[in-house]
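>>> predicted coordinates and the sequence they were generated for:
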Amino acid sequence: MMRGKLRFHRQNIFIYLMGFSLILGMKYLYSRADCESLLWILGPTARWVEVLSGIPFVYEPGMGYANHGLRFLIAPSCSGVQFMIITAAMLIFSFSHRVMDCRNAKFPDESAGAGPFDQGASTGSGRQNAIKRAPGTGRHYPQAIRRIWPGLGWIVLSLLLSYLFTIFVNGLRIVAAIYLPYFFRRIDVFDGPLTPDMLHTMIGVVVYFAALLTIYRLAGFLFDRFRSADEARPSAPILGKCLAPLFWYFFIVLGIPFLNRAYRRSNGQFAEFALLVTLCCGAVLLFYGLALLIRRKLRGRG
């Protein structure tokens, strides 16, 4: 039993290393991407914003998608790739082990790795069970590789889902960034300490972080639905439902720039940005926690 658990953890570590390398690679490529190299996400996002708002956008080479009447530009910095990276990291590292759990529950003999081949035997039925023939190729591949396929598949699915979620959520954020400043100007909010740039940042943080909490909650709900009744997971504390989104959002939005010493080049702007992000995320967490608490109270009365 212990040997099977160690083998299972080694498989998880491999998946996590793959995911971590992928996330770092995406972050590196995004930091050096120009407008043309981001058309794969800027284009669909602009089309989605047009559907939501009815506002047309035209592509300006080297700049992004613009509406000259509104003087609004969907630039590479508005592509949402950073949100895509955060979402992918959260899905990969929060649910890969649950994918492997489902696979091991379905094929317990293979996941235990108790065959003679796993113990060093080179012949016999254990070897036949441990090595399978790939259909139509004439090649063989070890059982260990087959055991990690669900994890690799989840990485690919996480990337696809994060891409689709990013287009959907970023479109909502951009529409809010178009209309909310007009509303705040009408009520003279910008006469105080709030500036249009601060409002733009706040809209992005609130929309992205709230969406991240929702995606995490939805993914957890779907995984719980596939578990049998006797495998039901205990109800997690409210804070536990927020730790993964909170960690990945802060790590990628603030942690990596901090490690790169962005605060030394920002003349205090990084500290202001970090404070604004913290306050906005705290407000979202407060409303989210209150909503979950009220929901639990209502369930208890029912």
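Great, that's in hand.

>>> nearest spatial neighbour of G64, skipping sequence neighbours?
Excluding the flanking residues, the one nearest G64 by C-beta to C-beta, 6 or more residues apart in numbering is A75, at 4.2 Å. Every C-beta, even on glycine, is put in place using the N, C-alpha and C of the backbone.

>>> what's the distance between that neighbour and L29?
Distance, A75 to L29, by C-beta to C-beta, to the nearest Å: 17 Å.

>>> and these two? which has more neighbours close in?
More crowded of A75 and L29, by other C-beta atoms under 10 Å: A75, with 15 against 11.

>>> what residues are up against that one?
When contacts are counted by C-beta atoms under 8 Å, 6 or more residues apart in numbering, A75 touches 35, 63-64.

>>> quick one on the thing from earlier: phi, psi of the residue nearest to G64?
phi -90, psi 170 (degrees, to the nearest 10).

>>> confidence score at it?
Looking at A75, its pLDDT is 94.

>>> helices along the protein, start to end?
Applying DSSP state H to the chain gives helices spanning 2-31, 39-53, 81-106, 108-112, 125-130, 143-186, 196-225, 243-250, 256-259, 269-301.

>>> lowest-confidence stretch among those?
Taking the mean pLDDT of these, helix 125-130 comes last: a mean of 46.

>>> look up how far V49 lies from the residue nearest to S53 when sequence neighbours are not counted.
Using C-beta to C-beta, 6+ apart and skipping the chain neighbours, the partner closest in space to S53 is V175 (5.1 Å). Plainly put, V175 is 6 Å away from V49 if you go by C-beta to C-beta.

>>> would you agree N170 is in contact with V81?
No - counting by C-beta atoms under 8 Å, N170 stays clear of V81, with 9.4 Å between them.

>>> compare the two (neighbour count), which wins?
Higher neighbour count among N170 and V81: N170, with 27 against 24, using other C-beta under 10 Å.

>>> picking that back up, from the contacts of A75, keep the buried residues only.
35, 64 (16 or more other C-beta atoms under 10 Å).

>>> okay if I get the contacts of A75 as CSV plus distance to V156?
Shown next, in CSV, are the contacts of A75 (distance: C-beta to C-beta, whole Å):
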residue, distance to V156
C35, 27
M63, 32
G64, 28
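
>>> just put the contacts of A75 in a markdown table and tack on pLDDT.
Shown next, in a markdown table, are these (pLDDT from 0 to 100):
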| residue | pLDDT |
| --- | --- |
| C35 | 93 |
| M63 | 94 |
| G64 | 95 |
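
>>> in terms of neighbours, single out the busier of V175 and V49.
Shown here are V175 and V49; by other C-beta under 10 Å, V49 has more neighbours (27 against 18).

>>> quick one: the more buried one from G80, how far?
11 Å.

>>> got it, and F273?
Counting by C-beta to C-beta - F273 and G80 are separated by 18 Å.

>>> thinking again about what came up before, quick one, which of the helices of the chain is nearest to R71?
Across the helices of the chain, R71 has its closest neighbour in helix 143-186 (10.7 Å, C-beta to C-beta).

>>> centre of the chain versus the closest one, how much separation?
Distance, stretch centre to chain centre, for helix 143-186: 7 Å (C-alpha atoms, centre = their mean, to the nearest Å).

>>> residues touching the residue positioned nearest the centre of the chain, list them.
Taking C-alpha atoms, centre = their mean, the centroid of the chain lies closest to T87, which sits 1.0 Å from it. Shown in contact with T87 (C-beta under 8 Å, 6+ apart): 158, 161-162, 165-166, 212, 215.

>>> looking at those residues, which is nearest F251?
Closest to F251, out of all of the contacts of T87 and judged by C-beta to C-beta, is L212, at 12.2 Å.

>>> just checking, the closest one touches I85?
No - assessed by C-beta under 8 Å, L212 is found out of contact with I85, at 11.6 Å.

>>> what number of residues are in the vicinity of Y208?
26.

>>> can you check the one 4 residues further on too?
One way to gauge burial is a neighbour count; for L212, by other C-beta under 10 Å, it gives 24.
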